[in-house]
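> next come a sequence and a model predicted from it.
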Amino acid sequence: MKRLLPSPLLSLALLLTWLLLNQSLAAAHLLLGSVLAIIAPLLARPLQPHGHARLHRPLLLVRLLGKASLEILHSCINVSRTILLARPTGLNSQFIRIPLEMQSPHGLAVLAGIINLTPGTVWVELLPDSHELVLHVFDLHDAQWWIDTIKQEYEQPLMQIFEGSPA
Amino acid sequence: MIHWDHLPLWASLPTAALLVLGGGFTLTGCLGLLRLPHFYQRIHGPAITITLGTGCILIASMLLFSTLETRPVLHELLITLFLLMTTPMVSMLIMRAAVHRDLRQQHRLAAEKESPIAVYRDIQHQSRGDRKTS
């Protein structure tokens, strides 16, 4: 069972994607989707050197994504206002460094996704020596606030989700 | 064949509002590309287009076609999912390409002696992606 279904959650997501793509719950689509959901992860396994992600706390992930969506909405409005109203010369665009403790590649990928989807912040790179994240901020007011927010609001929950570290 | 006359008012009003809102946010993101002087600032504009702009338009599309066809039309959820998974990677790639291009130019000056962040400070106010007019 473990060999056939290395990641049940991934297979379930693939099946749902297939059904959504076909807009149907017919038995034929269920069958074909299930076959795909089993075969695709096995075939794609060599492409994932880090293995499949293990969610230690799935509910926390849902809550984190919800909170991130609100944050994205908020930043969208802020950045839109800046673009439309403010004088672009007054912007304080900066690169800042944020020391990270998270090692899980899946957690880092989710963090990169959230950061890049939020208008006003772009992930540049993870410095290999110091494990620091270089982040570009559209309009920087307080670098320490960014460090605290990223670490407490995003990194801590992601470490609990993907690395199973205690709360 | 789509019968537009069958569209009730309660569906057409929010659809129209969402389309206008989504169009407005998309326009704002594009205006960012036009107005902002610096390459590293312009990279922040499209995130608005992708999240709120596309989001509003996709919700409008779901609402409209679900009402017209009197069954849930949910393709748009997949579009949302694929967009949300691919755009962060694209913006990261573009950002890193720009940074490496600028770093290569600065390499002789700073990269060998100082820490990487000092190099970032040097390219802060100048990118080869900047317009010449400023």
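Perfect, thanks for sending it. Residues are numbered from 1 along each chain as shown, chains lettered A, B, ... in the order given.
> which strand or helix spans whichever residue of chain A sits closest to chain B?
Across chain A, the shortest distance to chain B (Cβ to the nearest Cβ) belongs to residue A:116, at 3.5 Å. In short, each C-beta sits where N, CA and C put it, glycine included. Using DSSP states H and E, residue A:116 sits in helix A:105-117.
> would the helix or strand following that helix count as contacting chain B?
Next helix or strand after helix A:105-117 toward the C-terminus (DSSP H and E): strand A:121-127. Yes. Applying Cβ under 8 Å from any Cβ of the partner chain, one finds that strand A:121-127 is in contact with chain B at A:121-125, A:127.
> over to stretch A:19-30?
Yes. For stretch A:19-30, a contact with chain B is found by Cβ under 8 Å from any Cβ, at A:20-21, A:23.
> centroid residue for chain B?
Chain B has residue B:46 as the residue nearest its centroid, 2.6 Å off, counting by Cα atoms, centre = their mean.
> the nearest residue to it once chain neighbours are set aside and residue A:145, how far apart?
Nearest residue to residue B:46 in three dimensions, chain neighbours excluded: residue B:29, at 5.5 Å (Cβ to Cβ, 6 or more residues apart in numbering or on different chains). Separation of residue B:29 from residue A:145 (Cβ to Cβ, to the nearest Å): 25 Å.
> so between the two, which is more surrounded?
The neighbour count for residue B:29 versus residue A:145, taken as other Cβ atoms under 10 Å in any protein chain shown, is higher for residue B:29 (25 against 10).
> can you give me the pLDDT of the more buried one?
On pLDDT, residue B:29 comes in at 90.
> is residue A:24 part of a helix or strand, or is it coil?
Judged by DSSP: H, G, I helix; E, B strand; the rest coil, the three-state class of residue A:24 is coil.
> for it, which residues are in contact?
By Cβ atoms under 8 Å, 6 or more residues apart in numbering or on different chains, the contact list for residue A:24 is empty.
> so where does residue A:134 fall, helix or strand?
In the assignment (DSSP H and E), residue A:134 maps to strand A:132-137.
> quick check: residue B:129 touching residue B:39?
Yes. With contact defined as Cβ atoms under 8 Å, residue B:129 and residue B:39 form a contacting pair (3.3 Å).
> mutual contacts of those two, please.
Contacts common to residue B:129 and residue B:39, judged by Cβ under 8 Å, 6+ apart, are residue B:98.
> look at the two and report which has more neighbours.
Neighbour count, other Cβ under 10 Å: between residue B:129 and residue B:39, residue B:39 has more, with 19 against 15.
> could you check the pLDDT of that one?
What the model reports as pLDDT for residue B:39 is 87.
> same check, this time on residue B:113
With respect to pLDDT, residue B:113 scores 58.
> and if you look at residue B:17?
pLDDT, residue B:17: 95.
> count of neighbours near it?
Residues lying near residue B:17 (other Cβ under 10 Å) number 12.
> and the next helix or strand past the helix or strand that contains it?
Assigning secondary structure by DSSP H and E places residue B:17 in helix B:9-35. Downstream of helix B:9-35, the next assigned helix or strand under DSSP H and E is helix B:39-42.
> other residues contacting that following helix?
For helix B:39-42, the external contacting residues (Cβ under 8 Å, 6+ apart) are A:88, A:91, A:93, A:136, A:138, B:32-33, B:36, B:95, B:98, B:124, B:127-130.
> I'd like the next helix or strand past that helix.
The element immediately downstream of helix B:39-42 (helix or strand, assigned by DSSP H and E) is helix B:45-48.
> pLDDT averaged over that next one - what is it?
87.
> what's the answer for stretch A:25-34, then?
Here the average pLDDT along stretch A:25-34 is 90.
> identify each buried residue in that stretch, please.
A:29, A:33 (16 or more other Cβ atoms under 10 Å in any protein chain shown).
> got a list of contacts for that stretch?
The contact list for stretch A:25-34, computed with Cβ under 8 Å, 6+ apart, reads A:14-15, A:18-19, A:22.
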